[in-house]
Every structure is written in C-alpha cells, then in structure tokens.
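>>> Could you work out the structure for the sequence below:
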Amino acid sequence: MEFFNKFIKKISDDKPKDDAPSKGSTPPYYGTITPDPNFSASRDAAALQRAIEAKGVDESAITEILARRTNAQRQQIKAAYENDTGKTSRSEDQDIDDGLAKSDAKALYEAGEKKIGTVYSVFIDILTSRSEAQLCKIFKQYDKLGTQGFPKALEHEMKGDVEDCLMTLVKAAWNKPAYFAERLHLAMKGAWANCNTLTRILVSRSEVDLKKILQEYKRMYGKTLQEDINVETKGDYVKILLALCGDH
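This is a model prediction of the structure:
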C-alpha cells in the first residue's frame, strides 16, 4: 500500500511536458516498438527458417523476432526470407496444376500421416503458398492417399497456434462462405457479441459473397444470421447489421 501511495504521488506531482517539437527537431515518438539497432534482415530470416523447420516449430523464436521488429524491418525480413528460400507469398493463379496437386498431396501425406512425427515446414510451405483453387485440388488428391480427410489429418498432426493458422487457410480455401459463417457464429457466442468481428465481416463481404454466407449460416446452424443478430445485439446496432445483411 505504501508503494502504491508513493506511485500515485509521483505521477500526480510530475508536471506535464511540452510535447510540441521545436523547429527543425525530430517529432517525438510514442510507439512501443523501436527499430532494432543491430538489425540484420538476413540474420532474422535465417533464424525464422530454423524456427519453422525445427521439430514442432519453435513458436517462441518466431514471436521473439516478429514482435520486436518495426513494420519496416519486418518487410525487409520478408524480402530476405523469400530471396533466401525462394518461398511464405501466396499464388493468386486460378489455373489448377493437377500434377503439382498430386505431388503436394503426396508430400503432405509423407510429412504427416505416413510417418511418426510431423515435418511442419512441408505443411507451412504448401498451405501458405498455393492458391485457394489449387489447395482444393490438393485436398481432393489427399483423400486418395490418407485414411482420413485432410482437415482431420491436419488436426491430428498439428497443435497450438500453428494448427489454428493453417486450419484457417484450409477452411477458407475449401468453403469460404462456410468459414465466414462460422466466424460470425463464434462472434455471437458468450455473454457479449463481438461487435468488431461482426461489423468487419459483414462490411467486407457485403459486396462480395454475403448472400452465400447467409445461406451457409442457415444450413450450418438451423436458423438465419438475422435471427441471431436480433437476439445477440441491441439498439441501432441491430439495424445496421441487418441492413448489411440486405434486410430493409
């Protein structure tokens, strides 16, 4: 209690400082992340590659690097990583390569379900670099090799944040409207609706595929999204969300 009282007195007695920079001086910086003075993009890129290829993925090493670098430095790391490995940018090509899909499916099977342990780097490389259309073809080819569908295999092989990230890519590629329907449903579970998530999804998809998302929502949960919005949200916010859903 004595320490708390001293702390309160200290911050109360401190006089405010003039934050306006003088002419010709550098404006004050209020961010929490500052540039690493010993930064090396190639060194960080190599460390990230080792962390990804480590058994089980070294998540703490990845976090330590990416969370302590400025955005400008992260962009340099990304460029260095892609230059050194020839990989982590997703293809936007909608043309499907059947041969590549077969070899990728085989690589995923051999890196996970077929062996003891999991080669995480193979899963990360394929799932983060192939287009959504190509991934769907890979999943179909995987069904011919594995004893279970690819999503179940991924769930069995992966754990933690890595599994969550890769599973998101799988769900979005396999059925994007269903993926967003699930996100909307989860945003309304619990004591309070996650208004930010609801708004972000409805606004971003309202001119893309929201009709399909609404259809998937009803198919998956047995009631309409609008019904859940009416129950889980209140006031004018309800009107805004319903309007985004096309209700007038």
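>>> The residue nearest the centre of the chain is in what secondary structure piece?
In the chain, the C-alpha nearest the mean C-alpha coordinate belongs to Cys165, at 5.5 Å (CA atoms, centre = their mean). Per DSSP states H and E: Cys165 is located in helix 160-174.
>>> got the buried residues for that helix?
Neighbour counts over helix 160-174 (16 or more other CB atoms under 10 Å) mark 162, 166-167, 169-174 as buried. Every residue, glycine included, has its C-beta placed from N, CA and C.
>>> Determine which two of those are furthest apart.
The most widely separated members of the buried residues of helix 160-174, counting by CB to CB, are Val162 and Trp174 (18.5 Å).
>>> still on that earlier bit, send me the next helix or strand after the helix holding Cys165 as CSV with only the CA atoms.
Downstream of helix 160-174, the next assigned helix or strand under DSSP H and E is helix 176-187. Provided in CSV are the C-alpha atoms of helix 176-187 (Å, rounded to 0.1, in the frame of the first residue of the first chain):
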residue,chain,number,x,y,z
LYS,A,176,-15.0,-19.6,-47.8
PRO,A,177,-18.7,-18.8,-47.2
ALA,A,178,-18.9,-21.6,-44.6
TYR,A,179,-15.7,-20.2,-43.0
PHE,A,180,-17.2,-16.8,-42.6
ALA,A,181,-20.5,-18.2,-41.4
GLU,A,182,-18.6,-20.0,-38.6
ARG,A,183,-16.7,-16.8,-37.7
LEU,A,184,-20.0,-14.9,-37.4
HIS,A,185,-21.5,-17.6,-35.3
LEU,A,186,-18.5,-17.7,-32.9
ALA,A,187,-18.6,-13.9,-32.7
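>>> What is helix 176-187 packed up against?
Judged by 3 or more CB pairs under 8 Å, 6 or more residues apart in numbering; DSSP states H and E, the packing partners of helix 176-187 are helix 160-174, helix 195-205, helix 210-221, helix 225-232.
>>> lowest confidence element among the helices and strands of this structure?
The least trusted helix or strand in the chain, going by mean pLDDT, DSSP states H and E, turns out to be helix 2-13, with a mean of 43.
>>> In terms of secondary structure, what does the helix or strand following that one contact?
Heading C-terminal from helix 2-13, the first helix or strand you meet, by DSSP H and E, is helix 41-53. Applying 3+ CB pairs under 8 Å, 6+ apart, one finds that helix 41-53 contacts helix 59-66, helix 71-85, helix 120-129.
>>> So what angle separates the directions of the next helix or strand after the second one and helix 120-129?
Read in the C-terminal direction, the helix or strand following helix 71-85 is helix 98-111, with elements assigned using DSSP H and E. Helix 98-111 runs at 150 degrees relative to helix 120-129, counting by axes from the mean of the first three to the mean of the last three CA atoms, to 10 degrees.
>>> Much appreciated, bye for now.
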